[in-house]
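Any chance you can model this:
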Amino acid sequence: MASRAVVVVPHQLQREEGKQKKVAGEGKNRQVLQDISNLVVTAPAAQGKINAKLPAPSEKNKKPVIGIINGGPTAGKSGVAKKAEAAVNEKSAVSGRKSREGASRKNARAFTSILSARSKAACGLTSKPKDPKVDIDAADADNELAVVEYLDEIYQFYKLTEDENRVHEYMALQPEINAKMRSILVDWLIEVHHKFELMPETLYLTINLVDRFLSVKVVPRRELQLVGISSMLLASKYEEIWAPEVNDFVCISDNAYGKEKVLVMEKAILGKLGWCLTVPTTYVFLVRYIKASSAPSDDELMENMVYFLAELSLMHYSATILYCPSMMAASAVYVARCTLDRTPFWTETLKHHTGYSEDELMDCAKLFHTFHSAAADSKLKAVYNKFCSPQHGAVALLSPAGGNLSAK
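I've put the predicted structure just below:
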């Protein structure tokens, strides 16, 4: 059946217009429908929209439905059709309102979050991105001698075994020796080590052997220097490619001890320590932690400062008995970074490789800071003079950390 055009009566338009004004007055928050002109649609098109929501009417009751889109006057509509069309229009209006509200809520910030952000900014608590953890072994990936695949496991093993050969309070067992005498011996051994141009590993192992032997054997004062040169002889044989001869140590001690006495003491040290020379000294950890501190590039000034602080700590008995080698190495790196103003003072990379947080290092770091502050005025100047030379960056001449560390 062909569709018929519907003529809209003027008084119907007036009633419909009044009805729309009344609805707009009752609810101002409802969206105003847009006027997209009085397009007249035929019954099949309108019926298609209705049938999307309602079951298809029977052929008997089917009537042509003609109306104006978006709320215009309608003619020939059944009551169900009018309700359905009104529901569709209302649904579209509500959905439009919700979409606008959702967009505005999405873009708007809550008042509480704005106040919190301003408070944090005023207190200096604005969150800063963490420094990324650096792969310090990336440059050595192709170096077979670096054994990058095993480094993490090796240092985990060092951390587990460092307490096995660590010395504790032993001066109470030595009736003729005190901490000051030990400091004088270590100062002299550092000077001998520097004169013989030995490897750093040799120095740290020498001091380890001296302390371990003194912790298990009572030594007369007259033999303390003999223990020192015999320990350095052992460490040189263990670490050096070309170790000094026994006569070199006899000569450097001004012939205070003969060759036979040096060899007898060497044998006594090995016997008391069970021939155990493979121990994780502070130097073992220093190498790794300096690499973690300087990554991704080398920093010679930082390296010299760390070694300066670490060798200062070798002379102090208090540091040796209070802290394990790994903590002493980590503290030396931390104080060096504070002294040279390398910010941040403690990074995520260092925390990962050392296993220590900044707070855990603070007591040991303050002790190292004390050693640095007193180095220039100390009578024992072997370490200070060594690191005043340009060869070691003259780091001993730099001012201590000051406010960077003392303020903590």
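
And Glu360, how far from Thr354?
With distances taken as Cβ to Cβ, to the nearest Å, Glu360 is found 9 Å from Thr354. (Each C-beta comes from the backbone N, C-alpha and C, glycine too.)

cool, and Asn165?
For Asn165, the distance to Thr354 - Cβ to Cβ - is 20 Å.

Between these two, tell me which one has more neighbours.
The residue with more neighbours, out of Asn165 and Thr354, is Thr354; 25 against 18, by other Cβ atoms under 10 Å.

ok, the closest residue to the more buried one other than its chain neighbours - contacts?
The shortest distance from Thr354 to any non-neighbouring residue, by Cβ to Cβ, 6 or more residues apart in numbering, is to Ala330 (4.3 Å). By Cβ atoms under 8 Å, 6 or more residues apart in numbering, the contact set of Ala330 is Phe285, Tyr289, Leu350, Thr354, Tyr356, Leu361, Cys364.

how close does Ala330 sit to Asn165?
18 Å.

cool, and Glu191?
With Cβ to Cβ as the criterion, Glu191 and Asn165 are 25 Å apart.

Val264 too?
Counting by Cβ to Cβ, the gap from Val264 to Asn165 is 23 Å.

Check Ser294 too.
Ser294 is 28 Å from Asn165, where distance means Cβ to Cβ.

now swap in Thr349 and tell me
Where Asn165 is concerned, Thr349 sits at a distance of 28 Å (Cβ to Cβ).

Low-confidence ranges, the chain, go.
By pLDDT under 70, the low-scoring segments of the chain are 1-131, 296, 403-408.

contacts for the helix or strand containing Val192?
Take DSSP states H and E as the rule and Val192 turns out to sit in helix 179-196. Defining contact as Cβ under 8 Å, 6+ apart, one finds that helix 179-196 is touched by 171, 202-203, 206-207, 210, 214, 221, 224-225, 228-229, 232, 236, 244, 248, 252, 311, 314-318, 380-383, 386.

State the three-state secondary structure for Cys276.
Following DSSP: H, G, I helix; E, B strand; the rest coil, Cys276 is assigned to coil.

Now for it, how many residues are close by?
Residues lying near Cys276 (other Cβ under 10 Å) number 11.

Strands of this protein, start to end?
40-41, 66-68, 74-75 (DSSP state E).

Mind splitting the chain into its structural domains?
What the record gives for the chain is the domain set 1-20+39-96, 199-272, 282-406, from automatic domain parsing.

on that earlier part again, flag every buried residue along the helix holding Val192.
Buried residues in helix 179-196, counted by 16 or more other Cβ atoms under 10 Å: 181-183, 185-194, 196.

what's the answer for stretch 221-238, then?
224-236.

With stretch 386-400 instead?
For stretch 386-400, by 16+ other Cβ under 10 Å, it's Lys386, Phe387, Cys388, His392, Gly393, Val395, Ala396, Leu398, Pro400.

what about dumping the CA coordinates of that stretch to CSV?
Output of stretch 386-400 as CSV, limited to C-alpha atoms (Å, rounded to 0.1, in the frame of the first residue of the first chain):
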residue,chain,number,x,y,z
LYS,A,386,100.3,8.5,49.3
PHE,A,387,97.0,10.0,48.2
CYS,A,388,98.4,13.6,48.2
SER,A,389,100.4,12.8,45.1
PRO,A,390,99.1,13.6,41.6
GLN,A,391,99.4,9.9,40.7
HIS,A,392,96.4,9.3,43.0
GLY,A,393,94.5,12.4,42.0
ALA,A,394,95.6,14.3,45.2
VAL,A,395,92.3,13.3,46.7
ALA,A,396,93.7,13.5,50.3
LEU,A,397,93.8,17.3,49.8
LEU,A,398,90.0,17.5,49.2
SER,A,399,87.8,18.7,52.1
PRO,A,400,85.8,16.0,53.9
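
which residues are contacting that stretch?
Counting by Cβ under 8 Å, 6+ apart, residues outside stretch 386-400 touching it are 190, 194, 300-301, 304-305, 307-308, 311, 339-340, 369, 372-373, 375-376, 383-385.

before we move on, what about stretch 331-351?
Taking Cβ under 8 Å, 6+ apart as the rule, stretch 331-351 contacts 130-134, 136, 282, 286, 289-290, 292-293, 295, 301-302, 305-307, 309-310, 313, 323, 330, 354, 357-358, 361, 364-365, 367-369, 372, 398-401, 404-405.

Buried ones among these?
134, 136, 282, 286, 289-290, 292-293, 295, 301-302, 305-307, 309-310, 313, 323, 330, 354, 358, 361, 364-365, 367-369, 372, 398, 400-401, 404-405.

For Tyr170, list the residues it contacts.
Asp211, Leu214, Ser215, Ile321.

Now the first one: closest residue in space, sequence neighbours ignored.
Spelled out, it's Asp211. Val167 is the one closest to Asp211 (Cβ to Cβ, 6+ apart), at 4.4 Å.

backbone phi and psi for that neighbour, please?
Phi and psi for Val167, reported as degrees, to the nearest 10, are phi -90, psi 150.

and which of the contacts of Tyr170 is nearest Val148?
Asp211 (32.7 Å; Cβ to Cβ).

Now that the closest one has come up, it's in contact with His168, right?
No - using Cβ atoms under 8 Å, Asp211 is not in contact with His168, being 9.8 Å away.

the more surrounded of the two?
Between Asp211 and His168, counting by other Cβ under 10 Å, Asp211 is the more crowded of the two (21 against 10).

And the helices in the stretch 201-350 of the chain, which stretches?
224-239, 246-252, 259-272, 282-294, 300-314, 317-322, 325-339, 348-354 (DSSP state H, counting those that start in this stretch).

Give the other helices and strands that the first one contacts.
Here helix 224-239 touches helix 179-196, helix 200-214, helix 246-252, helix 259-272, going by 3 or more Cβ pairs under 8 Å, 6 or more residues apart in numbering; DSSP states H and E.
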